[in-house]
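Peer 1: Give me coordinates for this.
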Amino acid sequence: MLVVSVGGSPSLRSRSGVLLEHSRDWLQERGVEVVTFQVREFSAEDLLHARFDSPQVRHFNELVAQADGLLVATPVYKASFAGALKTLLDLLPERALEHKVVLPIATGGSIAHMLAVDYALKPVLSALKAQETLQGIFADDSQIAYGEGRTPAQLAPALEQRLLDSLETFHSALARRPKPVAPGVLNERLLSARWSI
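Peer 2: Model (predicted):
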């Protein structure tokens, strides 16, 4: 299984990034390959000028096409998800998330921003034809403490449990996901099938 992890924060130090790291580690322990992209790693020119032919954008699109699922994490700014993340998602082709399971993750200053996942991020994922968009996780900033030095970041127990429950659901959804059949294989199966009337 392949999962693409997309971090929408422009900052190096990011609470949504902490949740992505925890998610990546949990999935990798279960044998899932996780490839991580951060919006800040893309050049501003590629994003702002919608350079679909950029090598980095093409690489991103290729891995999303191969992925079984996506983790999409974002900070919430002004009741919506990060603009840089929206710009990156706009560079995906139409129906890019077809046959994929998506787990949205968001962090914000207070629970007043919780609905940003449902009313801002999920409609964009739906427009990209995600096969299944899970309930998702919202964490307010007070639930995540940055680690200092070699000390890892700490999650509040309630948040950690919600994240683990969501990851279990995500992992199960990936495992039960029907594999698309290549058109050539499907044609061959139809032609070689025994039919009766």
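Peer 1: rest of the way, CA atoms for contacts and neighbours
Peer 2: Fine.
Peer 1: Mind giving me the packing neighbours of the helix or strand hosting residue 164?
Peer 2: Using DSSP states H and E, the element containing residue 164 is helix 157-176. With contacts defined as 3 or more C-alpha pairs under 8 Å, 6 or more residues apart in numbering; DSSP states H and E, the packing partners of helix 157-176 are helix 15-29, strand 101-108, strand 137-140.
Peer 1: Could you tell me how far stretch 33-46 lies from the centre of the chain?
Peer 2: Offset of stretch 33-46 from its chain centre (C-alpha atoms, centre = their mean, to the nearest Å): 12 Å.
Peer 1: buried set for that stretch?
Peer 2: Across stretch 33-46, burial judged by 16 or more other C-alpha atoms under 10 Å covers 34-35, 38-39, 42, 46.
Peer 1: again, but for stretch 96-113
Peer 2: Residues of stretch 96-113 classed as buried: 96-108, 113 (neighbour count, 16+ other C-alpha under 10 Å).
Peer 1: TSV please, covering those and showing distance to residue 143.
Peer 2: Below are the buried residues of stretch 96-113 laid out as TSV (distance: C-alpha to C-alpha, whole Å):
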residue	distance to residue 143
96	33
97	30
98	33
99	33
100	29
101	26
102	23
103	19
104	17
105	14
106	12
107	9
108	10
113	14
